[in-house]
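# missing the sequence, but the structure's below:
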């Protein structure tokens with residue numbers, strides 16, 4: 001059984017049970033507004049934890065309602 005969903009393609013499917021801000025992150029990624037992100041891994045059962053891998057090799061883990069970016073200034 002796989003614990004995490006790995007997303008290396010450009011499109012990630014939003015899920016109703018994912019947190020609101022994780023779905024915003026996915027929407028921004030799918031719209032091409034986050035070109036610095038190489039990969040997003042989302043915990044599929046609850047959609048509460050996500051790991052972002054950047055093109056620079058750095059990564060960040062997001063919990064709950066933290067989208068990992070300032071959604072008010074992102075466009």
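Now that the structure is in, tell me what you want to look at. Given the structure is predicted, the values throughout are model-derived calculations rather than measurements. Numbers count the residues shown, from 1 in each chain.

# For the rest of this, base every contact and every neighbour count on C-alpha atoms.
OK.

# For residue 59, give me phi and psi.
Note on residue 59: backbone dihedrals following degrees, to the nearest 10 are phi -140, psi 160.

# I'd say it and residue 53 touch.
Yes: counting by CA atoms under 8 Å, residue 53 is a contact partner of residue 59 at 4.3 Å.

# Name the next helix or strand following the helix or strand of the chain at the bottom of the mean pLDDT ranking along the chain.
In the chain, the helix or strand scored least confidently by mean pLDDT, DSSP states H and E is strand 5-7, which has a mean of 50. Remark: after strand 5-7, the chain's next helix or strand is helix 20-30, criterion DSSP states H and E.

# Which helix or strand lies directly C-terminal to that following helix?
The helix or strand immediately downstream of helix 20-30 is strand 37-42, counting by DSSP H and E.

# Quick check: can you name the pairing partners of that following strand and their directions?
strand 5-7 (antiparallel), strand 49-54 (antiparallel) (DSSP bridges).

# what number of residues lie near residue 17?
12 (other CA atoms under 10 Å).

# The one 10 residues further on too?
By other CA under 10 Å, the residues close to residue 27 number 17.

# can you pull the contacts of it?
When contacts are counted by CA atoms under 8 Å, 6 or more residues apart in numbering, residue 27 touches residue 14.
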